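*Asks:* structure of the sequence below:
(one chain, ligands or ions: 1)
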Amino acid sequence: MITRQQALEALQGQLIVSAQAYPGEPMRDPRTMAGVAASAVRGGAAAVRVQGLGDVQATRSAVEVPVIGLWKDGAEGVFITPTFQHAYAVALAGAHVVAVDGTRRPRPDGLSLEQTTARLHEETHALVMADCGSLADARHAADAGADLVGTTLAGYTGERAPTDGPDLGLVQEIRRAELGVPLVAEGRIHTPAQAAAARQAGADAVVVGTAITHPSTITSWFAEVLQD
Ligand SMILES: CC(=O)N[C@H](C=O)[C@@H](O)[C@H](O)[C@H](O)COP(=O)(O)O
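*Replies:* Model prediction:
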C-alpha cells in the first residue's frame, strides 16, 4: 500500500515512464504493456503511467512503484479520463494517481474539475494529476485541488503552439507561478538531454512516453533518415 505522501515523495526529481499502445496497435494488450512498464522500472523509472483499465490492473500487479492511470475515450476535445465515472473506474482498477483532463474546457459529464477532484478524493485514495495545456489551465487545476499538474496537453489544445520538443517555456511559466503543487513535464521529451532540460526548467518530475515505449515511432525516426 503506497500512501499519498509516499507517492508524491517517490516522484520528486524522478523519471516517470508512460507506456501506451494506441487502438489497433500490435502491442495493445494489458500483459504486454505491463511488461513494458516493468521493463521501464528495471531501467530506473520511479513511476509508470498507463492507459486503460486492463493495463492499470495488469501493471499494478507487475510493478511496485506508483502507477498513474488514465482512460482515453476518443481522441479529440476532452478525452483523457473525461468524466468522473472514467476517473473513478481508473482508481478502482488500482491507480495510485488518476490522470484527468486538466484543461478549462467543459467536461462531458457537466462536472467541473473541482467537483471531479473533490469526489475522487472523497470516494477513493487516489491522487489526481491534471493534464494541462497552458499556465491558465495549471492555475485553475491547482485551485481545483489537483495534487499534481502536468504539461501533457501543451500544444494539443490550441492554447499554445506545438513545440518540436518539450514545451520548456510552459514548464518555466508554471514553475514561476508557484502554484504549490508538484509540476510534471510531459510531452515530446525525446532525449535524455531534453529530460534534463525539463528538470532544469523547473519540473519536479519528468514523463517520457514515446521515446521509450513506442517502438513503431522510434523505428520510424531511424527509418526516415535512411531513406532518400
Ligand atoms: C497528448 C496525449 O494524448 N498524450 C498522451 C497522454 O497520456 C500520450 O499519448 C503521450 O504518449 C504521453 O503524454 C507522453 O508523451 P510523449 O509520448 O510525447 O513522451
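*Asks:* quick one: Ile2 from Leu111, how far?
*Replies:* Look at Ile2 and Leu111: by C-beta to C-beta, to the nearest Å, they are 27 Å apart. (Each C-beta comes from the backbone N, C-alpha and C, glycine too.)
*Asks:* give me every residue in this structure lying close to the ligand.
*Replies:* Within the chain, the residues that sit near the ligand (C-beta under 6 Å from any ligand atom) are 18, 20, 70, 152-153, 156, 186-189, 207-211.
*Asks:* and for Leu179, the neighbour number?
*Replies:* Using other C-beta atoms under 10 Å, Leu179 is surrounded by 18 other residues.
*Asks:* hmm, Arg139 and it touching each other?
*Replies:* Yes - assessed by C-beta atoms under 8 Å, Leu179 is found in contact with Arg139 at 6.2 Å.
*Asks:* residue contacts, the residue of the chain found nearest the ligand?
*Replies:* The chain approaches the ligand most closely through Gly209 (2.9 Å), counting by C-beta to the nearest ligand atom. By C-beta atoms under 8 Å, 6 or more residues apart in numbering, the contact list for Gly209 reads 17-20, 49, 186.
*Asks:* for it, give me phi and psi.
*Replies:* Gly209 adopts backbone torsions of phi -110, psi -90, taken as degrees, to the nearest 10.
*Asks:* average pLDDT for stretch 160-178, rounded please.
*Replies:* Regarding stretch 160-178, the rounded mean pLDDT is 98.
*Asks:* what do you get for stretch 207-222?
*Replies:* For stretch 207-222, mean pLDDT rounds to 98.
*Asks:* stretch 126-139: which residues count as buried?
*Replies:* By 16 or more other C-beta atoms under 10 Å, the buried positions in stretch 126-139 come out as 126-135, 137-139.
*Asks:* same check, this time on stretch 195-206
*Replies:* Buried residues in stretch 195-206, counted by 16+ other C-beta under 10 Å: 195, 197-199, 201-206.
*Asks:* kindly report the same for stretch 35-49.
*Replies:* Neighbour counts over stretch 35-49 (16+ other C-beta under 10 Å) mark 35-41, 45-49 as buried.
*Asks:* correct me if wrong: Pro82 contacts Pro108.
*Replies:* Yes - applying C-beta under 8 Å, one finds Pro82 in contact with Pro108, separated by 5.1 Å.
*Asks:* and the contacts of the strand or helix carrying Ala130?
*Replies:* Element membership of Ala130 [criterion: DSSP states H and E] is strand 127-131. Contact partners of strand 127-131, identified using C-beta under 8 Å, 6+ apart, comprise 4, 7-8, 68, 70, 80, 87, 96-103, 113, 116-117, 120-121, 137-138, 141-142, 144-150, 152-153, 184, 186.
*Asks:* filter these down to the buried ones.
*Replies:* Neighbour-count burial within the contacts of strand 127-131 applies to 7-8, 68, 70, 80, 87, 96-103, 113, 116-117, 120, 137-138, 141-142, 144-150, 152-153, 184, 186; the criterion is 16+ other C-beta under 10 Å.
*Asks:* inside strands: which ones of those residues?
*Replies:* Among these, DSSP state E puts 68, 70, 97-101, 148-150, 184, 186 in strands.
*Asks:* save the buried residues of stretch 195-206 as TSV, and put in secondary structure too.
*Replies:* Shown next, in TSV, are these (DSSP: H, G, I helix; E, B strand; the rest coil):
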residue	secondary structure
Ala195	helix
Ala197	helix
Ala198	helix
Arg199	helix
Ala201	coil
Gly202	coil
Ala203	coil
Asp204	coil
Ala205	strand
Val206	strand
